[in-house]
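Q: what's the 3D shape of this:
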Amino acid sequence: MNFGIPRERFVDERRVALSPSGVRALSELGATVYVEHDAGEPAGWSDAEFEECGGAVVYNADEVFGRSDILVKVLAPTLEESEMMRDDQMLISFLQLALARKEMFENLRERDITAIALENIQKPDGVHPVRRVMGEIAGALAVHVAAQYLTADAGGRGVLMGGVPGVPPASVGIVGAGVVGTTAAEKALDVGAHVILVDQKVNPLRDAIQHFGRRLQTAIINEQNIEKLCKYVDVLITAVLNEDTPTPHVVTREMVKSMKPRSVIVDVAIDQGGSVETSRPTTISNPTFVEENVIHYCVPNMPSNVPRTSTRAFQNQVLPLLKEIYRKGMKRMLRDNPVYCTGLNLYEGEVTRENVARTFHTQWRTIEEVLR
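A: Model (predicted):
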C-alpha cells in the first residue's frame, strides 16, 4: 500500500500533510511514501530530510497522484487535482465536500474515490479531534494578528492589547464559544485584554466562566448584544461554525459601520463564508483590507502562518489513522473504528454523508450498507 504526500497548492499554503518523522513512521511499517518535490519546503523540511526518513521523492504532481493508493493532504483537492486522481484511490484530508464545487464532487464520484473528511471525525464525547487542534492554533493566532494590526504602524488604533498601569487594555469581543473562541479568549486574557465572549447557548459560556473565572464577561448572541459589542470593542474575533453549511452573517455591515475607526476584525470563519457581512477571503501574503474604516483580517488558512507547528499538530491526529489503514485496509479499519466512520463522505464513489447528498441532490447510503 502506497501513500502520497502532494505539495499543497492553495494560495500561500505552507503546511504539508506529514513531516519527515511521520514519513519514517509509515516507512518503518513497510509502506512506500511518495513525497512530491518541495512539498515540505515552505515548512522548512527539505527533500533530503524526507529521503533520509524513507520517503520516495517524486518530481511532479502527476507522479505522486499516479503512484499512490492513499493521498494524504491538509486541504481539499483543487478541481485540477481531483482530475489527476485515479480510479479507486483513497483520500484523507480536510474536505468540506458539502461546500465544494459540483465539478470536484463529480470527479471524486466518477473515480470511485473513498474519502475521509478529517473535519467531520467526531469522538463519542462530541469532540472533533483534527478540527479541534487546527481551531486551537487559529484561535491563538487570531489574538496575535489582532494585536499586530491594532498598532499604528499597521494602520490600527494604536492600542496596546494588555494596556499598562493607569491605561486600560484593549477590549476584545469574541463571537462563538467553541474551540477557536475559547482559545482566543484564553490568549487575550493572558495578555491582559478585556474580553467579552458571546455564544448562542448558555452552557459553553458557563463552562468558559468556570475555566477562566469572572475576569471573562459573557453574553448571549442576539442582535442587540452584537450591536452593543461592535460599538464597544477594539477587536472583534468571529468564530461561528456550522458544520457542512455556510456560516451565517452574525455581524451586519451596519454593525461594522458602528465600530471604532481603525478597529480590527478577525473573521476566523471565512473558510466557510465568514461571520461578517463585509468579510471576503484574503491571503497570508495580502491578509487585510479596510472596509467601513475597519481593518479586516480574513485569511481562510490561518494555521499555515505557523506551518511547522500546524503540520506536527495535524500529523499527531492523522498518523494513527494512516497506520490503521495500512495494517487493516480501509474496509476493515472502518469496521473496527466507528470514530473514523464519522468522517467518511464517500466510499468507492458512493455518498455516505446525508448533508453531502442533500447539497448535490443525489442518493446516499449508510456506512453499514456500504461496508457489508
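Q: which residue ranges form the strands in the stretch 101-250 of the chain?
A: If you assign secondary structure with DSSP state E, counting those that start in this stretch, the strands in the stretch 101-250 of the chain sit at 114-117, 171-175, 194-199, 217-220, 235-238.
Q: what pairs with the first one, and is each one parallel or antiparallel?
A: Here the strand partners of strand 114-117, with direction, are listed using DSSP bridges: strand 90-93 (parallel), strand 344-347 (antiparallel).
Q: go on, the last one?
A: Take DSSP bridges as the rule and strand 235-238 pairs in its sheet with strand 171-175 (parallel), strand 264-267 (parallel).
Q: And for the longest one?
A: Strand 194-199 has these partner strands in its sheet, going by DSSP bridges: strand 171-175 (parallel), strand 217-220 (parallel).
Q: Tell me which residues are up against it.
A: If you take CB atoms under 8 Å, 6 or more residues apart in numbering as the criterion, strand 194-199 is touched by 168-177, 181-182, 185, 188-189, 205, 208, 215-221, 225-226, 229, 232-233. Where you see a C-beta, it was placed from the backbone N, CA and C, and this is true even at glycine.
Q: What subset of the residues you listed is buried?
A: Of the members of the contacts of strand 194-199, the ones counted as buried by neighbours, 16 or more other CB atoms under 10 Å, are 169-177, 181-182, 185, 188-189, 205, 208, 216, 218-219, 221, 226, 229, 232-233.
Q: Of those residues, which belong to helices?
A: Taking DSSP state H as the definition of helices, the buried ones among the contacts of strand 194-199 contribute 181-182, 185, 188-189, 205, 208, 226, 229, 232.
Q: so what's the residue nearest the centre of the chain up against?
A: When CA atoms, centre = their mean is applied to the chain, the residue found nearest the centroid is M134 (5.4 Å). With CB under 8 Å, 6+ apart as the criterion, the residues that contact M134 are 94, 303, 310, 313-314.
Q: can you put the strands paired with strand 114-117 in JSON lines and add mean pLDDT, mean neighbour count and distance to V72?
A: As requested, the strands paired with strand 114-117 are arranged in JSON lines below (pLDDT from 0 to 100; neighbours: other CB atoms under 10 Å; distance: least, CB to CB, whole Å):
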{"stretch": "strand 90-93", "mean pLDDT": "98", "mean neighbour count": "23", "distance to V72": "5"}
{"stretch": "strand 344-347", "mean pLDDT": "97", "mean neighbour count": "24", "distance to V72": "15"}
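Q: Of all those, which one comes closest to E80?
A: Proximity to E80, assessed across these by CB to CB, is greatest for strand 90-93 (14.7 Å).
Q: List of residues touching that closest one?
A: Residues external to strand 90-93 that are found in contact with it (CB under 8 Å, 6+ apart): 17, 69-77, 85, 108, 113-118, 318, 321-322, 325, 330.
Q: got it, and stretch 338-354?
A: Taking contacts as CB under 8 Å, 6+ apart, the residues outside stretch 338-354 that touch it are 88, 95, 97-98, 108-124, 244, 321, 324, 333-334, 356-357, 360, 362-367, 370-371.
Q: Sort out which residues of it are buried, please.
A: Residues of stretch 338-354 classed as buried by neighbour count (16+ other CB under 10 Å): 340-353.
Q: Counting neighbours, what do you get for V356?
A: The tally of other residues near V356 (other CB atoms under 10 Å) stands at 24.
Q: residues of the one helix or strand it maps to that come out buried?
A: Assigned by DSSP states H and E, V356 belongs to helix 354-360. When burial is assessed from 16+ other CB under 10 Å, helix 354-360 yields the following buried residues: 355-357, 359-360.
Q: which of the residues you listed lies closest to F3?
A: Relative to F3, and with distances defined as CB to CB, the nearest of the buried residues of helix 354-360 is V356, at 24.6 Å.
Q: returning to what we had before: go through the strands paired with strand 194-199 and name the closest to P6.
A: Distances from P6 to each of the strands paired with strand 194-199 were compared by CB to CB, and the smallest falls on strand 171-175, at 34.8 Å.
Q: what about V294, how many residues close to it?
A: V294 has 21 neighbouring residues, counting by other CB under 10 Å.
Q: dump the residue contacts of I113.
A: In this structure, I113 makes contact with 85, 88-91, 346, 348-349, judged by CB under 8 Å, 6+ apart.
Q: Rebuild the strands of the stretch 101-250 of the chain as TSV, extending it with distance to S279 and mean pLDDT.
A: Output for the strands of the stretch 101-250 of the chain, formatted as TSV (distance: least, CB to CB, whole Å; pLDDT from 0 to 100):
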stretch	distance to S279	mean pLDDT
strand 114-117	24	97
strand 171-175	12	98
strand 194-199	18	97
strand 217-220	22	96
strand 235-238	8	98
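Q: Which one of those lies nearest to D47?
A: Across the strands of the stretch 101-250 of the chain, the minimum distance to D47, taken as CB to CB, is reached by strand 114-117, at 27.3 Å.
Q: what residues does that closest one touch?
A: Strand 114-117 is contacted by residues 88-97, 108, 321, 330, 340, 343-348, 353 when judged by CB under 8 Å, 6+ apart.
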